[in-house]
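*Asks:* Return atomic coordinates for the entry below.
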Amino acid sequence: MTLPSDATFAPVEIQTRTGRTLQVREYTLDDFRPLVEMYKGFEPKRTAQGLPPPDVPRIAQWLDRLQQKSRALLAWDGPRVVAHALLCPISEAAVEFTIFVHQDYRCVGLGTALTRLAVAFADRCGFAEVFLTTELSNLAALRVYRHVGFQVTSSFGDECEMKLVIAGSSSPQARAA
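*Replies:* I've put the predicted structure just below:
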């Protein structure tokens, strides 16, 4: 299952709490190398459910697989990718969301802004629900997700699943309800 290709994401600028202006746009194949570069310097590695992979060959393989079944938004600071948000369909009505923010850009509002943009993009793609899994120890991420409107639906071990029902969703499933 793939995301609809007819839904588009127009590039936008966002401002961090530190006053830095970043551009957010949808991933294209030309962005592959800058995205690999972000992950090369990403820390900590393998702490979020084993991701991101620890070395360049595995990072490249992982990203190649992801781009085949998902759509992604990238946050750019000039020529540098600083965050990566993914939407991967799990059914006709639901999409799984994952986000990675480079350590130099955490705690400045980027994660919240990019999460909101990804949810809006999921809505434009026709999805009614967004799911994610995070570790219970990742308090910053839990705060962001709750702030955006996600609610914990289940927990298992040291992880929890969260869900956001997209209000006013443009999905056929939401309109039929």
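*Asks:* Strands of this protein, start to end?
*Replies:* Per DSSP state E, the chain carries strands over the ranges 12-15, 21-26, 71-77, 80-89, 94-101, 129-135, 151-156, 159-165.
*Asks:* can you tell which of the ones you listed is closest to Gly41?
*Replies:* strand 80-89 (9.8 Å; C-beta to C-beta). Where C-beta positions appear, they are placed from N, C-alpha and C, glycine not excepted.
*Asks:* Give me the residues contacting stretch 27-40.
*Replies:* In this structure, residues lying in contact with stretch 27-40 by C-beta atoms under 8 Å, 6 or more residues apart in numbering are 52-53, 56, 59-60, 63-64, 67, 71-74, 79-82, 84, 100, 102.
*Asks:* buried stuff in stretch 101-111?
*Replies:* Val101, His102, Tyr105, Val108, Gly109, Leu110, Gly111 (16 or more other C-beta atoms under 10 Å).
*Asks:* residues near the closest residue in space to the fifth one that isn't next to it in sequence, how many?
*Replies:* What sits nearest to Gly109 in space, not counting adjacent residues and going by C-beta to C-beta, 6 or more residues apart in numbering, is Arg17, at 4.7 Å. Here the neighbour count serves as a burial measure; for Arg17 (other C-beta atoms under 10 Å) it reads 10.
*Asks:* same thing with Phe127?
*Replies:* Residues near Phe127, counting by other C-beta under 10 Å, number 29.
*Asks:* Ok, the one 3 residues further on next?
*Replies:* Residues contacting Val130 under the criterion other C-beta under 10 Å number 26.
*Asks:* Lowest-scoring secondary structure element of this protein by mean pLDDT?
*Replies:* The helix or strand of the chain with the lowest confidence, counting by mean pLDDT, DSSP states H and E, is helix 172-176 at a mean of 42.
*Asks:* check contacts around the closest residue to Leu22 other than its chain neighbours.
*Replies:* Spatially, and ignoring its direct neighbours in sequence, Leu22 is nearest to Ala75 (4.9 Å; C-beta to C-beta, 6+ apart). Contacts here follow C-beta under 8 Å, 6+ apart; on that basis Ala75 touches 14, 22-24, 81-85, 101, 105, 110, 114.
*Asks:* Rebuild those as CSV, extending it with pLDDT and distance to Thr8.
*Replies:* What follows is the contacts of Ala75, written out as CSV (pLDDT from 0 to 100; distance: C-beta to C-beta, whole Å):
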residue, pLDDT, distance to Thr8
Ile14, 96, 18
Leu22, 98, 20
Gln23, 98, 16
Val24, 98, 13
Val81, 97, 20
Val82, 97, 22
Ala83, 97, 20
His84, 96, 19
Ala85, 97, 16
Val101, 94, 24
Tyr105, 95, 25
Leu110, 97, 22
Leu114, 97, 17
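*Asks:* Please list only the buried members of those residues.
*Replies:* Buried residues within the contacts of Ala75, defined by neighbour count using 16+ other C-beta under 10 Å: Ile14, Leu22, Val24, Val81, Val82, Ala83, His84, Ala85, Val101, Tyr105, Leu110, Leu114.
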